[in-house]
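# I'll drop the sequence and a predicted model, then ask my questions.
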Amino acid sequence: MVASLDQPAALILHGCPPPSRLHARTRSHSRTRSHSRTRSHSLALARRLPGSHSLAGLHACTLARSYACTLARSLARLHLPARTLALARRLAGSCACTLARSHAFTLAHTLARSLALACSHARTRSLAPPRLALARRLAGSRACTLARSYARTLARPRLARLYARRHAGSHACTLARTLARTLARSLARLHLLARTLALARSHLLACSLALPRLDNWTPLLKGLHPLAQTLARPWSVIDFHIFNPSSWGWMVPSSASHVMKVP
């Protein structure tokens, strides 16, 4: 049964891919390896070029400025709700005091009118002295009750202000702790990024020191001429010394814009 089948079907039956797929995989692997070698060689050349350190420092300064601008914007956004909360607290306290005073004044006027009507009614009826004294005592007790209720009403906004201040203080402490944690995490990430950059720099230096002579790279660069032009395109505007593969030395370009030449 297996002998009657053709060779690709037999390979698929035994679990092996067809030769075309194997050839495609081999070509893709070879392209990937050649691309990685060319990229590492370009990075090694960029490491030796003057001006790469200043470009890295400029990029680090740009990152630091953008991070500082982001922190300033976040602090401004946190400061705006705090001011809004303080204004709302003041407005609530003033409204509570106004309502309490108006309610107390209304109760006082109502009680004064009721007492005046009671006195006039008692005088009209010509009540006996004991009953008139009882009415006066009742009016005095009502006046004391009104004074106590007015004092309690005035004391409630004060307690509300005190509680509002405590709540605002706790909220501010929570915001400060959250901001401190965010800053600590950001600093830790920056420290980790700095360590990663330092490790990458040391690894790049080690790779550049461990690279073979450029005689072995000439056939690879000839086969990847468009890729080499693409890799050399970001450095076409920078004015620096260009490596000349034909003479195996350094040459100084005459014009301002240059393109890396690959043999």
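Perfect, thanks for sending it. Numbers count the residues shown, from 1 in each chain.
# for the record, mean pLDDT for the helix or strand hosting Cys207?
Using DSSP states H and E, Cys207 sits within helix 129-210. Model confidence over helix 129-210 averages 73 on the pLDDT scale.
# just stretch 27-35 next, same as before
The average pLDDT within stretch 27-35 is 78.
# Dump the C-alpha coordinates for that stretch into CSV.
Once side chains and other backbone atoms are set aside, the C-alpha atoms of stretch 27-35 remain, and they are given as CSV (Å, rounded to 0.1, in the frame of the first residue of the first chain):
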residue,chain,number,x,y,z
ARG,A,27,15.3,29.2,2.7
SER,A,28,13.4,31.1,5.5
HIS,A,29,15.9,30.0,8.1
SER,A,30,18.8,31.0,5.9
ARG,A,31,17.3,34.4,5.3
THR,A,32,16.6,34.9,9.0
ARG,A,33,20.2,34.0,9.9
SER,A,34,21.7,36.2,7.2
HIS,A,35,19.4,39.1,8.2
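# in it, what's buried?
Within stretch 27-35, not a single residue qualifies as buried, counting by 16 or more other Cβ atoms under 10 Å. Every residue, glycine included, has its C-beta placed from N, CA and C.
# helices or strands up against the host helix or strand of Thr98?
When secondary structure is defined using DSSP H and E, the element that contains Thr98 is helix 52-125. Applying 3 or more Cβ pairs under 8 Å, 6 or more residues apart in numbering; DSSP states H and E, one finds that helix 52-125 makes contact with helix 129-210.
# again, only using 10 Å
Here helix 52-125 is seen to pack against helix 19-48, helix 129-210 when contacts are counted using 3 or more Cβ pairs under 10 Å, 6 or more residues apart in numbering; DSSP states H and E.
# Can you give me the neighbour number for Arg65?
Residues lying near Arg65 (other Cβ atoms under 10 Å) number 10.
# Repeat that for Thr38.
With neighbours defined by other Cβ under 10 Å, the count for Thr38 comes to 20.
# What pLDDT is listed against it?
pLDDT recorded at Thr38 is 75.
# Tyr67 versus Leu187, what's the distance?
In this structure, Leu187 and Tyr67 are 10 Å apart, going by Cβ to Cβ, to the nearest Å.
# more neighbours, these two?
Tyr67 (13 against 10).
# Contacts only, for that one.
Shown here is Tyr67, whose contacts under the criterion Cβ atoms under 10 Å, 6 or more residues apart in numbering are 186, 189-190.
# Now, of those, which are buried?
By neighbour count, with 16+ other Cβ under 10 Å, these hold no buried member.
# Redo those residues as CSV? Include distance to Leu71.
Output for the contacts of Tyr67, formatted as CSV (distance: Cβ to Cβ, whole Å):
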residue, distance to Leu71
Ser186, 8
Arg189, 13
Leu190, 11
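# What distance do you get for Thr196 to Leu204?
When Cβ to Cβ is applied, the distance between Thr196 and Leu204 equals 12 Å.
# who's more crowded, the two?
Higher neighbour count among Thr196 and Leu204: Leu204, with 15 against 10, using other Cβ under 10 Å.
# Return the distance of that one relative to Cys69.
With the distance defined as Cβ to Cβ, Leu204 ends up 30 Å from Cys69.
# repeat for Cys119
Taken as Cβ to Cβ, the spacing of Cys119 relative to Cys69 amounts to 75 Å.
# Those two: which is more packed in?
When Cys119 and Cys69 are compared on other Cβ under 10 Å, the one with more neighbours turns out to be Cys119, at 14 against 10.
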